[in-house]
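> Everything below, folded, please.
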Amino acid sequence: MNDSNKFADSKLLTLGELREQIIANDELSFPRRREIASAIKTASVWFDLTLDMIPASTKFLRARFKHVHPARIRVSNRRVQNVRSLIMAGFRAQGLNTRLASYMTPMSSEWLALWKLIEGSTYHRTELSRLFRYCSKQGTKPIEVCDEVSAAYLVALEEEALIKKPRVRHQSVCRVWNQCSLLHFEKGWPDIQLSVPKYDGRLYRIDQSLVSEGIKSSLDGYLTYLAGSDPFSTNRKPFRPKSLEAVRGNFWRYFSALHYQGIDLLVHDNLTELVTEDMFKLGIKWFWDRNENKTSKNIGEIAWTIRCFAVKHSHADEKTVNFYAAALKRLRVHHPGLSEKNHTAMAQFDSTEMIKNFASLPLRLWGKAETMGKTATTRRLTKKSQLLIQAAVAIEILTFAPMRLANLQRLRIDEHISWQDGCLRLNIPREQVKNDQALDFPIPSCASKRIRKYIKDCRPSLAEPGNPYLFPGKMGNPKDSSCLRDQIHNTLWNEAGIRLTPHQFRHAAAKILLDDKPGYYEVVRKVLGHKSLTTTYSHYAGAETKAAIGLYDEVIINHRQRSAFTDIGKKQSAEPPFMDPLQFFGGKR
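Predicted structure coming up:
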């Protein structure tokens, strides 16, 4: 094992060592050795890692391939699949993979008989092909299939395959096997039903029946107070519905933690009984242990919610106030500016090529949708094409009008959209915006024409009569927010290799603008609709560091050039002073 491989298990080969073994493997033909060696080298280029820093581990490679997208590396999807397949062939050739079989491996006669039963179903064959070949190689007969065999197959998938989601594929295999067992039992398929695993270990919310009516009534009363719907409430700043839902959710998470710590929530009649010092320690300890003995943003928000009720609403004594103050200092996570996740999203736009890819995506989506064909009867675009165009419209609006998802989702044609000289204008009143700042976005004419075409040609097929929303859902409602979010997120990744949530369009807008115009925080503030410049600066200070350093480098180089001209007795350059403010206002120098 190469000592320079610092990040892999010491028992594993590096890809560099695997490549050397493949090249020296005389049992493989020369063209085959060359193909596999080339694929291994190609993967290291895509990962931006040297071969001695890549362990020959499917788990490691799967995580890396997750971020490899054909659009980013300018190859076809088929090319990526071929590289993955060749690397796996190298693993098998050197004995690193011994359980799974390649797609060329023949099935045993018993498995071949079942294979013929599903000849008419491409879906069933696709899902079961790998299982059939695995069992054939292991000598497992169809009648011997059981949950133990299924579990062993999952282990083989996780350890010896580069498929993206082994657990999801395993779930699908179990479901399809069960379907085929019911469909083809009379033709010889074993009468065996496999357990379909559920991977919901992170879910913990308890049923409402486990909490007393008194506690639920206390929580409802507190939420009514926060909402300001009680005319005698002393709450000066009513909470918005979304904030109220967050408070409710945090309390139910807290109830669940207490339940799992052995507290019988049916014997307590009031919420006040659950926010004492002892109860708080017990509940938060459950979250703490579950999160590997450390806090998190989520734990901090739950703790803050409980503290607000205990201290502000229940009129706690000084001892309790001091206890919560000390506890929250440790539990709350304070990250000034953007999270690491958002910084990663913004870093995608360090590349000029990626910005071009991002900016041109709506046009490409329209072009792709219009070439996907039309229905035979109505000669209209297919439903799949219309949804692709809908995604293009949503992406285009977020690009030119980086609003929050809730505002995008609830855009109404009869309320928020107007037309001026052929251009679309989006107006959202302040009471519908999270920070009480009205939004007003004029959309460029080129994008406005495409949005008008979507409203005229595509939206009628996606909406029920009378639905007023730009992105319509069912029963007169807007499209579900999670559905719209996934539609945008998945389209960006599948079509452009960009990982971006709808909300991160706001961060991308700030990044792209500040990179081109370092220091233009007031412009960013107006584009994003922030109340205060302080908010903008605290979020994006440093976002344009690279561009700012580039400008500084340019200043130094210019001074060097002027100095050189002076030294040899030549006249200095007549370039305008760096960022002369008068030039922005048409003044004379």
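
> quick one: pLDDT of Thr352?
Listed pLDDT for Thr352 reads 87.

> What spatial separation is found between it and Leu363?
Thr352 sits 18 Å away from Leu363, taking CB to CB, to the nearest Å as the criterion. Yep, even glycine has a C-beta here, placed from its N, CA and C like the rest.

> next one: Ala447
With distances defined as CB to CB, the gap from Ala447 to Leu363 amounts to 10 Å.

> Who has more neighbours out of these two?
Neighbours were tallied for Ala447 and for Leu363 using other CB atoms under 10 Å; the higher tally belongs to Ala447 (20 against 14).

> how many neighbours does Glu119 have?
Neighbour count of Glu119, defined by other CB under 10 Å: 9.

> which non-adjacent residue is nearest it?
Counting by CB to CB, 6 or more residues apart in numbering, Arg125 is the residue found nearest to Glu119 once chain neighbours are left out, at 7.8 Å.

> And for Ser129?
Beyond its immediate neighbours in the sequence, the residue positioned closest to Ser129 (CB to CB, 6+ apart) is Tyr103, lying 6.8 Å away.

> Over to Ser418?
The spatial neighbour of Ser418 that comes closest, neighbours along the chain excluded (CB to CB, 6+ apart), is Arg425 at 4.9 Å.

> Which helix or which strand is home to the one you found?
Taking DSSP states H and E as the definition, Arg425 sits inside strand 423-428.

> helices or strands next to that strand in the packing?
Using 3 or more CB pairs under 8 Å, 6 or more residues apart in numbering; DSSP states H and E as the contact criterion, the elements in contact with strand 423-428 are strand 417-420, strand 439-442, helix 445-453.

> about what we covered before: quick check: the residue nearest to Glu119 vs Val196, distance?
Distance, Arg125 to Val196, by CB to CB: 19 Å.

> Burial check on Asn558, number of neighbours?
For Asn558, the count of nearby residues is 13 (other CB under 10 Å).

> wait, I meant Lys66
The tally of other residues near Lys66 (other CB under 10 Å) stands at 12.

> Over to the one 10 residues further on?
For Ser76, the tally of surrounding residues (other CB under 10 Å) stands at 9.

> For it, give its distance to Gly497.
The gap separating Ser76 from Gly497 is 13 Å, by CB to CB.

> Touching both of the two, which residues are there?
Pro70 (CB atoms under 8 Å, 6 or more residues apart in numbering).

> Lowest-scoring secondary structure element of this protein by mean pLDDT?
Using mean pLDDT, DSSP states H and E, the weakest-scoring helix or strand in the chain turns out to be helix 581-584, at a mean of 39.

> if I look at Ile549, how far off is Glu431?
42 Å.

> So between these two, which is more surrounded?
Counting neighbours by other CB under 10 Å for Ile549 and for Glu431 shows that Ile549 has the greater number, 11 against 7.

> what are the phi and psi angles of that one?
Backbone geometry at Ile549, expressed as degrees, to the nearest 10, gives phi -60, psi -40.

> So for it, what's the pLDDT?
The predicted local distance difference test score for Ile549 is 71.

> Relative to Arg79, how far out is it?
On the measure of CB to CB, Ile549 and Arg79 end up 36 Å apart.

> Alpha carbons of stretch 104-124, as PDB, please.
What follows is stretch 104-124 as a C-alpha-only set of coordinates in PDB (Å, rounded to 0.1, in the frame of the first residue of the first chain):
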ATOM      1  CA  MET A 104     -22.900 -10.500 -19.200                       C
ATOM      2  CA  THR A 105     -22.900 -13.200 -16.600                       C
ATOM      3  CA  PRO A 106     -25.200 -16.100 -17.700                       C
ATOM      4  CA  MET A 107     -28.100 -17.100 -15.300                       C
ATOM      5  CA  SER A 108     -28.600 -20.500 -14.000                       C
ATOM      6  CA  SER A 109     -31.400 -22.600 -15.700                       C
ATOM      7  CA  GLU A 110     -33.800 -22.100 -12.700                       C
ATOM      8  CA  TRP A 111     -33.300 -18.300 -12.800                       C
ATOM      9  CA  LEU A 112     -33.600 -18.300 -16.500                       C
ATOM     10  CA  ALA A 113     -37.000 -19.900 -16.300                       C
ATOM     11  CA  LEU A 114     -38.200 -17.000 -14.100                       C
ATOM     12  CA  TRP A 115     -36.600 -14.500 -16.400                       C
ATOM     13  CA  LYS A 116     -38.700 -15.800 -19.300                       C
ATOM     14  CA  LEU A 117     -41.900 -15.300 -17.200                       C
ATOM     15  CA  ILE A 118     -41.200 -11.500 -17.100                       C
ATOM     16  CA  GLU A 119     -40.200 -11.300 -20.800                       C
ATOM     17  CA  GLY A 120     -43.000  -8.700 -21.500                       C
ATOM     18  CA  SER A 121     -42.000  -6.300 -18.700                       C
ATOM     19  CA  THR A 122     -38.900  -4.200 -19.200                       C
ATOM     20  CA  TYR A 123     -39.400  -2.600 -15.800                       C
ATOM     21  CA  HIS A 124     -39.400  -5.900 -13.900                       C
END
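
> Show me what counts as buried in that stretch.
Counting neighbours by 16 or more other CB atoms under 10 Å, one finds that the buried residues in stretch 104-124 are Met107, Ser108, Glu110, Trp111, Leu114, Trp115, Ile118, His124.

> who's in contact with the helix or strand hosting the last one?
Translated: His124. Counting by DSSP H and E, the secondary-structure element that holds His124 is helix 122-138. Contacts of helix 122-138 from elsewhere in the structure, counted by CB under 8 Å, 6+ apart, are 99-103, 105-108, 111, 114-115, 118-119, 141-142, 145, 149, 153, 156-157, 161, 169, 172-173, 176-177, 179-180.

> Hmm, Ser218 is touching Glu273, no?
No: using CB atoms under 8 Å, Ser218 is not in contact with Glu273; the gap is 9.1 Å.

> So between those two, which is more surrounded?
Neighbour comparison, Ser218 and Glu273: the larger count goes to Ser218, with 20 against 16 (by other CB under 10 Å).

> Distance of the nearest residue to the more buried one once chain neighbours are set aside relative to Asn357?
Closest residue to Ser218 apart from its sequence neighbours, by CB to CB, 6+ apart: Leu271 at 3.6 Å. Relative to Asn357, Leu271 is positioned 52 Å away (CB to CB).

> These two: who's more crowded?
Neighbours around Leu271 and Asn357, counted as other CB under 10 Å, are more numerous at Leu271. The numbers are 23 against 19.

> Local confidence estimate at the more buried one?
Among the per-residue scores, Leu271 shows a pLDDT of 94.

> Is it correct that it is in contact with Ile215?
Yes: counting by CB under 8 Å, Leu271 does reach Ile215; the two are 5.6 Å apart.

> low pLDDT regions in the stretch 401-550 of the chain?
For the stretch 401-550 of the chain, the stretches with pLDDT under 70 are 537-538, 541-547.

> Repeat the analysis, applying 80 as the threshold.
519, 531-550 (pLDDT under 80).

> burial count for the residue nearest to Ser129?
Using other CB under 10 Å: Tyr103 sits among 8 other residues.

> That one: what's it in contact with?
Ser129, Arg130, Arg133.

> For it, give me the pLDDT.
Taken from the predicted model, the pLDDT recorded for Tyr103 is 77.

> so how far is Ile299 from it?
Relative to Ile299, Tyr103 is positioned 46 Å away (criterion: CB to CB).

> Over to Arg450?
With the distance defined as CB to CB, Arg450 ends up 45 Å from Ile299.

> Now for Pro190: which residues touch it?
For Pro190, the contacting residues are Pro142, Ile143, Val145, Ser181, by CB under 8 Å, 6+ apart.
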